[in-house]
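Q: What shape does this take:
(chains A and B)
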Amino acid sequence: MVKRLYDIASLFKEYILFAIFVIVSIVLLSLNDSAQIRTIRSITLVSVGSLQNALGFIPNYFDLRRENRTLRELNLSLTDEVSRLREARLENIHLRQLLSLKDRTRYSYIAANIVGKNLQMLRNTITLDVGEKEGVRINMPIVSESGLVGKITATSSGYSIGQILLNRELRVSAKVQRSRVDGIIRWEGGRWLILQNVVKTMDVQPGDLVITSEYSSIFPEGIPIGVVNSTKQPPGALFQSIELSPGVDFSRLEEVFVVSTSPDTSRAAVEKKVK
Amino acid sequence: MRQVFGYILLSFILVLLQTTIVRYLAIESVAPDIILVWIVYLALREGQATAIVAGFSLGLAVDLLSGNDGMLGLSALTNTVAGFTAGFFHNENKMLQILGGFQFPLVVIAVSLVRNILYFLIYLQGAEIDWLAGMVTYGLPAAIYTSALALLPMFVFARKIRSQL
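A: Coordinates of the predicted model:
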């Protein structure tokens, strides 16, 4: 009897293996965020991350020259902007004192190199060479000099994984800087980001800068996201169809900053209470 | 046994390459999948069972490196199906001819399409874009790009066959 079963099993071993792995995969899909899975993810991230870091010596020669020129130009314009911002800041402090307004929270930035990019159809992520040791925590925003990059979704002691804006799972609360119109940023594939939930009567024009809004409990207010590329008014729909060109060039992104934020617990508590 | 360790080591190196070097080959966020080429190679060389195990393990590694996006198991599932599908093209007597001929990139594109259709059917559940749009924008270009990459090992095997003649 046992031998017969063994014979049948060896005859159909491929099908049995296939069935087992399909079942395990489906179980994994349903148990996604358990403590054990987090531990396994952390171990994988440490081992693969350190090797990715070791491979970081391979430079992208094609981009270095262009990047150097861009950085020089950027440096020049930033120097000019810094001096103007200093003036504006002094004026701002003075006016805030006059109005007795609460000062906005200041954030510190953790510099990080991208040691891995996982371009997995619509699930694009980046691996950073900073982790819990440097103070990186889940949900911290990632930015570059060009604007918002994404947020941290997994951490280990020395490495972390970030979801970028070009990831279908990421949503960002945003607003149009000029007209203060609110919406939600998401990506559904392709070259452009989408600004959703903007009713047709709202004023949004091509060329408008879109920034993070104060409604997000993850992203600080005012980080540039992108520029409106086109607006459409689909017949019969309540909302506009707005496409944005992201401020960050994700194909050339090499260095980023993790914004060290701590969650606003009192705000979260109030919001939870209302829900 | 030595060969098994060799395969494991090479699989690990390919996961590293996929997440470090391959990004430089990406065109409009579409990158070739060297892991899939490796799974098809294993299927043609070693058979269906090996390809299923490799597909699941490598898919799981990719999932673990995708962060906490609620989709752990998706690549494991789709790459297991890829290994299973590729295994049907295994023919011990014609192995080198398949690997060194145009059958190899053709198998890669067929398996890649099957895997990508399944991937988008699951991943785009409840999304505003349907799976067909996902396939046209990403699935199909990625399958073509991946099969183009499969030409490299094909030429290596074609050379090997010629030297044996």
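
Q: In three-state terms, label A:Arg66 for me.
A: The three-state label for A:Arg66, taken from DSSP: H, G, I helix; E, B strand; the rest coil, comes out as helix.

Q: what about B:Ile109, which helix or strand?
A: Using DSSP states H and E, B:Ile109 sits within helix B:103-123.

Q: Sorry, slip of the keys, the one I care about is B:Met154.
A: Short version: B:Met154 belongs to helix B:151-164, going by DSSP H and E.

Q: Just the buried residues of that helix, please?
A: B:153-154, B:157-158 (16 or more other CB atoms under 10 Å in any protein chain shown). For glycine as for every other residue, the C-beta is placed from the backbone atoms N, C-alpha and C.

Q: What's the mean pLDDT across the helix holding B:Ile109?
A: Along helix B:103-123, the predicted confidence averages to a pLDDT of 93.

Q: Equivalent analysis for stretch A:149-161, please.
A: Over the span of stretch A:149-161, the pLDDT mean works out to 90.

Q: Then stretch A:183-192?
A: Across stretch A:183-192, the per-residue pLDDT values average to 88.

Q: what about it, distance to the chain center?
A: 12 Å (CA atoms, centre = their mean, to the nearest Å).

Q: same question, stretch A:72-86
A: For stretch A:72-86, the separation from the chain centroid amounts to 26 Å (computed by CA atoms, centre = their mean).

Q: So what touches it?
A: For stretch A:72-86, the external contacting residues (CB atoms under 8 Å, 6 or more residues apart in numbering or on different chains) are A:Glu145.

Q: list the buried ones in it?
A: Going through stretch A:72-86 with 16+ other CB under 10 Å, nothing comes out buried.

Q: quick one, helices of the stretch 151-275 of chain A?
A: Counting by DSSP state H, counting those that start in this stretch, residue ranges of the helices within the stretch 151-275 of chain A are A:265-274.

Q: I'd guessed B:Val111 sits against B:Asn79; true?
A: No - contact criterion CB atoms under 8 Å: B:Val111 and B:Asn79 do not qualify, at 9.8 Å.

Q: which bits of the stretch 1-150 of chain A sit near chain B?
A: Counting by CB under 8 Å from any CB of the partner chain, the residues of the stretch 1-150 of chain A lying close to chain B are A:13-14, A:17-18, A:21-22, A:24-29, A:32-33, A:37-38, A:40-41, A:44-45, A:48, A:51-52, A:55-56, A:58, A:60, A:115-125, A:127, A:138.

Q: before we move on, back to that, now the helix holding B:Ile109 - C-alpha only, PDB.
A: In PDB, the C-alpha atoms belonging to helix B:103-123 read as follows (Å, rounded to 0.1, in the frame of the first residue of the first chain):
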ATOM      1  CA  GLN B 103      13.300  27.900 -29.000                       C
ATOM      2  CA  PHE B 104      14.900  29.200 -25.800                       C
ATOM      3  CA  PRO B 105      13.800  32.900 -26.200                       C
ATOM      4  CA  LEU B 106      10.400  31.700 -27.500                       C
ATOM      5  CA  VAL B 107       9.900  29.600 -24.400                       C
ATOM      6  CA  VAL B 108      11.000  32.600 -22.300                       C
ATOM      7  CA  ILE B 109       8.500  34.900 -23.900                       C
ATOM      8  CA  ALA B 110       5.700  32.300 -23.600                       C
ATOM      9  CA  VAL B 111       6.400  31.600 -19.900                       C
ATOM     10  CA  SER B 112       6.900  35.300 -19.200                       C
ATOM     11  CA  LEU B 113       3.500  36.100 -20.800                       C
ATOM     12  CA  VAL B 114       1.700  33.400 -18.700                       C
ATOM     13  CA  ARG B 115       3.400  34.600 -15.600                       C
ATOM     14  CA  ASN B 116       2.700  38.300 -16.200                       C
ATOM     15  CA  ILE B 117      -1.000  37.700 -17.000                       C
ATOM     16  CA  LEU B 118      -1.400  35.800 -13.700                       C
ATOM     17  CA  TYR B 119       0.600  38.600 -11.900                       C
ATOM     18  CA  PHE B 120      -1.600  41.400 -13.200                       C
ATOM     19  CA  LEU B 121      -4.900  39.400 -12.700                       C
ATOM     20  CA  ILE B 122      -4.100  39.100  -9.000                       C
ATOM     21  CA  TYR B 123      -2.200  42.400  -8.400                       C
END
